[in-house]
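K.L.:
sequence plus the predicted model coming up.
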Amino acid sequence: MIAQRRKKENAKPRLGQIIMNKGEKIFVAGYRGLVGSALIRRLEREGFHNLPKCDRSQLDLSDEQAVHGFFAQEKPAIVIVAAAKVGGIKANNDFPVEFLLDNLRIQNNVIHAAHEAGVRKLLFLGSSCIYPKFAPQPIPETALLTGSLEPTNEAYAIAKIAGIKLCQAYAREYGANFISAMPTNLYGPNDNFDLNTSHVLAALLRKAHEAKMGKVRELIVWGSGNPRREFLHVDDLASACLFLLERYDSPEIINIGCGEDVSIRELAELICDVVGFEGNLAWDTTKPDGTPRKLLDITKLRNLGWQPTIPLREGIAQTYDWFLKNVAR
């Protein structure tokens with residue numbers, strides 16, 4: 001009876017009813033990670049102060065009972081799902097079971113508990129890897145499920161697609177204001193610089209720094225250097241997320257990016273210049289390139305009035321400064 005009553009009460013869409021105020025309780029799932037920490041910084045800077053923070057030792061998001069207990073007690077008004085098991089090509093390729101199961105558990109628990117607790121709005125963060133390997137460029141939101149995925153990160157992509165579909169199902173069946181945004185490749189403070197699990201920009205930054213400090217004359221980079229990627233500073237992502245929470249209520253997915261891409265070779269050269277590594281680049285073509293090109297079409301977001309503000313070189317310099325102060329030392 002309770003479930004039936006809830007369904008009836010929520011049957012009409014609640015779109016357009018979310019009004020952000022500084023006192024609303026906002027739960028950022030995964031607040032200590034690259035994305036979550038940027039979201040907390042942005043929200044606090046904008047004056048939001050009711051931000052419950054639980055790390056993994058306090059709340060295991062893969063534990064269904066614990067998650068439901070947390071939501072029943074805290075009753076947040078807004079939820080941002082930034083928690084996920086993430087990694088680069090190597091990690092995704094080596095541990096597909098973990099990337100699929102861990103992400104399904106986390107997002108299913110949080111999204112379901114949010115609905116049960118009556119959360120007013122939820123933002124689920126997906127990934128640009130949800131799109132087909134050979135999607136049209138720039139990639140429009142309509143490209144989802146129109147072709148085969150990149151095999152090296154297929155497990156992660158499938159988990160994220162399932163999260164999108166779950167949010168859309170809650171919107172369709174219960175009228176829940178659950179939205180989904182697809183960020184491009186991200187970087188910035190609190191990135192993962194572990195060479196076994198990091199993404200390309202963070203990995204190259206660390207490699208260039210260590211090569212410089214070790215006075216090595218050659219830096220080996222995976223692949224051919226030809227694939228093209230788009231990179232967005234995580235602080236720009238946080239800005240876009242707050243923008244969407246205030247102005248976007250459709251269950252249809254929306255891309256978040258900067259609208260420009262560079263080749264991995266150009267990225268490596270730029271990073272070496274910022275870091276001050278003056279040696280040569282060597283390309284290990286026995287390692288995979290991944291998707292040939294991945295540039296998001298951000299027309300939908302731009303038409304709403306949002307634009308990124310941090311140029312790539314400036315963002316890399318800021319990230320390197322953070323790396324020197326927090327990782328290298």
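P.N.:
Nice, I can see it.
K.L.:
any idea which element residue 35 lies in?
P.N.:
helix 34-45 (DSSP states H and E).
K.L.:
swap that for residue 321, sorry
P.N.:
Under the assignment here (DSSP H and E), residue 321 is part of helix 312-323.
K.L.:
on contacts alone, who are the packing partners of that helix?
P.N.:
The contact analysis (3 or more CB pairs under 8 Å, 6 or more residues apart in numbering; DSSP states H and E) places helix 312-323 against strand 185-187, helix 200-213, strand 231-233, helix 264-275. Bear in mind the C-beta positions are built from the backbone N, C-alpha and C, glycine included.
K.L.:
ok, residues contacting the helix holding residue 35?
P.N.:
Taking contacts as CB atoms under 8 Å, 6 or more residues apart in numbering, the residues outside helix 34-45 that touch it are 26, 28-31, 51, 53, 80, 82-83, 125, 183, 186-192, 234-235, 237-239, 241-242.
K.L.:
now the helices for the stretch 51-200 of the chain?
P.N.:
Under the criterion DSSP state H, counting those that start in this stretch, the stretch 51-200 of the chain contains helices at 64-74, 89-94, 96-116, 154-174, 200-213.
K.L.:
for the shortest one, which positions count as buried?
P.N.:
Judged by neighbour count (16 or more other CB atoms under 10 Å), helix 89-94 contains these buried residues: 89, 90, 91, 92, 93.
K.L.:
so what's the second one closest to, chain neighbours aside?
P.N.:
Residue nearest to residue 90 in three dimensions, not counting chain neighbours: residue 196, with 6.4 Å by CB to CB, 6 or more residues apart in numbering.
K.L.:
the one you found: neighbouring residues, count only.
P.N.:
Residue 196 sits with 11 neighbouring residues when counted by other CB atoms under 10 Å.
K.L.:
that one contacts residue 89, doesn't it?
P.N.:
No - Residue 196 is not in contact with residue 89 according to CB atoms under 8 Å; the separation is 11.1 Å.
K.L.:
coming back round to it: between the buried residues of helix 89-94, which is nearest residue 290?
P.N.:
Each of those was checked against residue 290 using CB to CB; the closest is residue 89, at 5.5 Å.
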